[in-house]
Every structure is written in C-alpha cells, then in structure tokens.
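Enquirer: Any chance you can model this:
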Amino acid sequence: MENGFKVSILASGSTGNACYIETAQKKILVDAGFSGKKIEELLGKIGRKASDLDALLVTHEHSDHVKGIGVLARKYEIDLYANEKTWNAMPKSIGEIPTAQKHLFEVGITKTFGDIDIESFGVSHDAAAPQFYTFQKDNKSFVMLTDTGYVSEKMRGIIRNADAYLMESNHDIDMLRAGAYPWHLKQRILGDEGHLSNEDGAIAMTDILGDKTKRIFLGHLSRENNIKELAHMTMETVLMQHDFGVNEQFKVLDTSYDEPTELFTV
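Expert: Numbering: from 1, shown residues only. Next up, the predicted model:
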C-alpha cells in the first residue's frame, strides 16, 4: 500500500454515523450508529467486510453512534474502545459486551494501532465524556469532528492543518429556529453542548485548515434543519470570504445519511 491510509465516511447524519479507516496493517471502524446489518451493507458498498475489522472506536454513547456496536462486537469478536465514562453511560440496548473485548481509550491520549497513531480529544456535547479522533500515519492526518457545540482553542490546536477533515455542519440556524422542533430541543442544539451550525463549522475551518488540507467533508447534517446544498454553499462562501482557495488548494465534499463516500487515500 502507498503511504498514508484510506478512509470512507460510511454515513454521517443525525440518524446514524460510521467511518472506516484502513492501513496496510489495520482496519478500524469509528462508531456504528446503525444496525449491524446496515453497517455490513455500507462496508460492502466500498468492497470491505465487517469480519475483517480489527477495532471499533466509540466517540460517545448516543444511539446514532453506538446502535450496532454490540451486535458487531459479538458477531465478529471485534475489540471496542471507549473512555470509562462513556462505557458507564452506554445504553442497555447494545447488550452484553464480552469483558475481553472492552478496552479503555481515555480523552487526550494517543494510542498506536499497528502502523497508525490515533489521538483522542474532548468535545463539548451533552454526553458523558464525548471525544473525537485524529488519525496520523506517514505525516498524513485525518480529523473527525462532529457533535460539538463549539470548537475551543485547545481543540483547534490539536486538529490544525490536517490533510482531511470530517467537520460538522449540523443545521442552518434559521431553518432550526423556524422548524417544528420543540423549543427545549432547539435550545439544546443551539447551545454550547449541542451541534455546530453550518456557519459555526465554516468559521472554525477558517482557523484550522492549512497548507496540507486537501479535503473537507461536511458531516452530521440534520435531515429536518439543513439542506446539503446550503451547508456546502455556506462552507465555500465563508472560506472564500477569508481568501482560501476553494477548489484550488482543497475541495469541500458532501457526506450522506446512508451512502458511503468512495474510499480515498489521505
């Protein structure tokens, strides 16, 4: 395999999330927010199999990130990684996980999985101890960042100048405010422990993308409070306003609620 590593964002949205990372030595899944059958189907669409997975990393315990982790772990004897507070907060619906397959991956730690280093970092979300990940190999890096109400200076320092990003563009603020969600839910989404709006995600990107950055994937779009074209336009417009070379230095790319991106090399 060439330098770097391969990635496919299998699905990203408020109804379910999963991301696949592959090196010459390891095949890793981050989150499994769908049924085991759906995860198998998504992997099949990029020519991969759940039976080949070496590890499954969990970001936090919300069902759109963990729905299928128990089924997959038991069926394929996959090692699961999450921090202690997340393990303690897991919904009963995931079922029993064999103790030998449960591993700790605490916030702010870097672990090496074969030939790739993975750094976890904390985010601001209404979960027990939510964390996302930076993947690093051969001086290449990929950052996953969704499910956060804001991007702190500390987070920005950790994730700056990656080759590729999965960045949250959860909602359009006007659509959310005018939409059918009850007020308490709107407040939760708009709050510091909610989700990044299209504009919030774009403004954060102006401070973190760098010379190495080639791809920015927009993730975790709300079906009710966003439109793919609007999220895409907002990101491109804000970056162009800050004099970044959209479609020259890098591309802004979409993800889907239920279809994988093609496998790309970081």
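Enquirer: contacting residues for residue 195?
Expert: Going by Cβ atoms under 8 Å, 6 or more residues apart in numbering, residue 195 touches 125, 146-149, 168, 170-171, 189, 220, 222. Just so you know, the C-beta spots here come from the backbone N, C-alpha and C atoms, and that holds for glycine as well.
Enquirer: And for stretch 183-190, what's in contact with it?
Expert: 126, 170-171, 173, 176-177, 179, 181, 194-195, 197, 222, 225.
Enquirer: switch the cut-off to 7 Å
Expert: 126, 171, 176-177, 194-195 (Cβ atoms under 7 Å, 6 or more residues apart in numbering).
Enquirer: List the buried residues for it?
Expert: By neighbour count on 16 or more other Cβ atoms under 10 Å, the buried set for stretch 183-190 is 186, 189-190.
Enquirer: On the three-state scheme, residue 202 is what?
Expert: At residue 202 the chain is in helix, as set by DSSP: H, G, I helix; E, B strand; the rest coil.
Enquirer: What values do phi and psi take at residue 59?
Expert: Backbone torsions of residue 59, given as degrees, to the nearest 10, read phi -90, psi -40.
Enquirer: So it is in contact with residue 127, correct?
Expert: No - applying Cβ atoms under 7 Å, one finds residue 59 not in contact with residue 127, separated by 8.4 Å.
Enquirer: Low-confidence ranges, the chain, go.
Expert: Scanning the chain with the threshold set as pLDDT under 70 gives 1.
Enquirer: Now list the buried members of the contacts of stretch 183-190.
Expert: Counted by 16+ other Cβ under 10 Å, the contacts of stretch 183-190 give 126, 171, 176, 194-195 as buried.
Enquirer: tell me which of the residues you listed is nearest to residue 140?
Expert: residue 195 (27.7 Å; Cβ to Cβ).
Enquirer: ranges for the strands of the stretch 1-150 of the chain?
Expert: For the stretch 1-150 of the chain, strands defined by DSSP state E, counting those that start in this stretch occupy the ranges 6-11, 18-22, 27-30, 55-57, 79-82, 102-104, 110-113, 116-122, 131-137, 140-145.
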